[in-house]
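Student: A predicted structure for the sequence below; I have some questions about it.
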Amino acid sequence: MAGWIFLAVIVLLLVFVVSLYNRLVVLRNRIKNAFAQIDVQLTRRHDLIPNLVETVKGYIKHERETLEAVIKARNTAVAMLKAAAADPSKGDAVQQLAGAETALGGALGRLFAVAEAYPDLKANQNMMQLSEELTSTENRVAFARQSYNDSVMEYNNARETFPGSVIAGTFQFTPGTPLEIEDVAKRAVPKVAF
């Protein structure tokens with residue numbers, strides 16, 4: 001009888017460990033799926049930028065540095081997105097992507113600030129359409145990023161709480177890294193003039 005009880009305890013323990021392991025795998029896969037949604041939206045954003053630059057080029061011939069900065073930031077962001085998409089569980093790749101997207105956002109902000117000085121450009125139908133599409137895409141990116149960050153938090157909570165921490169440590173589940181794309185406009189100090 002004691003042998004059966006011992007065997008039942010071992011089987012229950014094994015089932016418990018397997019279920020914890022499987023939960024961590026499911027949560028890690030949710031992170032990958034959520035990152036795939038970010039990938040789709042950032043790729044859409046990156047694809048819109050060359051069209052925007054081409055539209056702007058004809059109007060602001062004296063702002064070559066701004067256009068080059070946008071193209072350079074876009075190319076860097078595309079490269080970082082590919083690196084992060086290859087394995088979203090690599091924290092350094094996700095952080096580098098966040099930095100590249102922050103830089104791209106800043107470059108685009110400068111481009112739109114320069115475009116404000118050109119009334120013909122602001123009234124251009126292509127420019128208005130591209131601006132609207134970029135705004136829509138930014139909203140989609142924010143939503144996808146929130147979903148990804150929620151998945152990362154749920155995974156990290158399961159990974160760091162007992163007894164999940166034992167299973168995560170044993171099977172080398174690495175922590176997930178949230179994607180924090182800094183909005184330069186939110187960090188800017190407001191200027192007050194009287």
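Tutor: Okay, I see it.
Student: helices or strands up against the host helix or strand of residue 147?
Tutor: Using DSSP states H and E, residue 147 sits in helix 125-160. Other helices and strands packing on helix 125-160, by 3 or more Cβ pairs under 8 Å, 6 or more residues apart in numbering; DSSP states H and E, are helix 2-57, helix 91-115, helix 164-170. Glycine gets a C-beta too; all of them are placed from N, C-alpha and C.
Student: If we use 6 Å, what do you get?
Tutor: On a contact count with 3 or more Cβ pairs under 6 Å, 6 or more residues apart in numbering; DSSP states H and E, helix 125-160 meets helix 2-57.
Student: any idea which helix or strand of the protein has the worst average confidence?
Tutor: Lowest by mean pLDDT, DSSP states H and E among the helices and strands of the chain is helix 184-187, with a mean of 50.
Student: now the helix holding residue 147 against helix 2-57, angle please.
Tutor: 160 degrees (axes from the mean of the first three to the mean of the last three Cα atoms, to 10 degrees).
Student: Please identify the buried residues of helix 125-160?
Tutor: 127, 130-131, 133-134, 137-138, 140-141, 144-145, 147-149, 151-152, 155-156, 158-159 (16 or more other Cβ atoms under 10 Å).
Student: for stretch 43-58, same thing?
Tutor: 45-46, 48-49, 52-53, 55-56.
Student: Could I have the CA atoms of that stretch written out in PDB?
Tutor: What follows is stretch 43-58 as a C-alpha-only set of coordinates in PDB (Å, rounded to 0.1, in the frame of the first residue of the first chain):
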ATOM      1  CA  THR A  43       6.800  46.900 -41.200                       C
ATOM      2  CA  ARG A  44       3.700  48.800 -42.500                       C
ATOM      3  CA  ARG A  45       5.100  52.000 -40.900                       C
ATOM      4  CA  HIS A  46       8.500  51.400 -42.400                       C
ATOM      5  CA  ASP A  47       7.000  50.800 -45.800                       C
ATOM      6  CA  LEU A  48       5.100  54.100 -45.700                       C
ATOM      7  CA  ILE A  49       8.200  56.200 -44.900                       C
ATOM      8  CA  PRO A  50       9.900  56.100 -48.300                       C
ATOM      9  CA  ASN A  51       6.600  57.300 -49.900                       C
ATOM     10  CA  LEU A  52       6.400  60.100 -47.400                       C
ATOM     11  CA  VAL A  53      10.000  61.100 -48.100                       C
ATOM     12  CA  GLU A  54       9.400  61.000 -51.900                       C
ATOM     13  CA  THR A  55       6.400  63.300 -51.500                       C
ATOM     14  CA  VAL A  56       8.300  65.700 -49.300                       C
ATOM     15  CA  LYS A  57      11.400  65.700 -51.400                       C
ATOM     16  CA  GLY A  58      10.000  67.900 -54.200                       C
END
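Student: Could I get the average pLDDT for it?
Tutor: Across stretch 43-58, pLDDT averages out at 92.
Student: Give me the contacts around that stretch.
Tutor: In this structure, residues lying in contact with stretch 43-58 by Cβ atoms under 6 Å, 6 or more residues apart in numbering are 67, 70, 74, 78, 126-127, 130, 133-134, 137.
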